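**Q** Predicted structure and sequence below. I'll ask about it afterward.
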Amino acid sequence: CDATSGTVQAIAGQVDAAETPTSVSFQLYRTTTNVIIAQVLVGSTSSLITGSTPFTNNVNIGWHHLAVIRSGNTMTMYIDGTQDGAAVSVVGTINNSTAAFSVGRLGERTSNTWTGWLDEFRLSVGIARWTANFTPPTSAYTNPGDPDYVEITQEVILANDTPLLFRFTPEQY
């Protein structure tokens, strides 16, 4: 995160512009207190993890690995392989939102876009990759032989810090 302290910074999400509770699948963002929040909704019931590690343009700078995992009815968040914040219960099916899925902003909300860099965003469905503290990967995930691996875009390097938004239509493989 390259944003100064005290601003909301959207990492990713799937939510409509009005943030209608039943339109929210998930939201992942930095709060005005500079910690990461991971939130999912089942109907209008919110399950929220509030991290404790602050991130600004001069606190915890550099690359970090962030993972939010749901295993059964338990959701946990890990920063650099260590659990951050308390695990929460998620009972039921997370909302199947028709809103845009976005990286660098919260779905269709156009405010509070991410200031900084994001790399290697992965969404895995049907597998809990980690359920305890772990050593984060040190290289890009490149395993085209894995039946769960689908590359949706080639590497894109921008000439400046202009935000970039990828939109795609999920397909079942």
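**A** Happy to help now that I have it. Residues are numbered from 1 along each chain as shown.
**Q** Distance of W130 relative to L66?
**A** 12 Å (C-beta to C-beta, to the nearest Å). C-beta: built from backbone N, CA, C; applies to glycine.
**Q** List the residues that are in contact with both of the two.
**A** Y78 (C-beta atoms under 8 Å, 6 or more residues apart in numbering).
**Q** ok, these two, which is more surrounded?
**A** L66 (20 against 15; other C-beta atoms under 10 Å).
**Q** Now do the same for the more buried one: its pLDDT.
**A** pLDDT for L66: 94.
**Q** what's the answer for A86, then?
**A** 97.
**Q** For it, grab the count of nearby residues.
**A** 11.
**Q** now swap in the one 10 residues further on and tell me
**A** Close neighbours of N96, defined as other C-beta under 10 Å, add up to 7.
**Q** Likewise for T53?
**A** 17.
**Q** What distance do you get for it to A100?
**A** 28 Å.
**Q** residues of stretch 18-27 that come out buried?
**A** 23-27 (16 or more other C-beta atoms under 10 Å).
**Q** between those, which is closest to G43?
**A** Of all the buried residues of stretch 18-27, V24 has the smallest distance to G43: 10.2 Å, by C-beta to C-beta.
**Q** gap between that closest one and I36?
**A** 17 Å.
**Q** What is the end-to-end distance of stretch 76-94?
**A** Start-to-end span of stretch 76-94 (C-alpha to C-alpha, to the nearest Å) is 15 Å.
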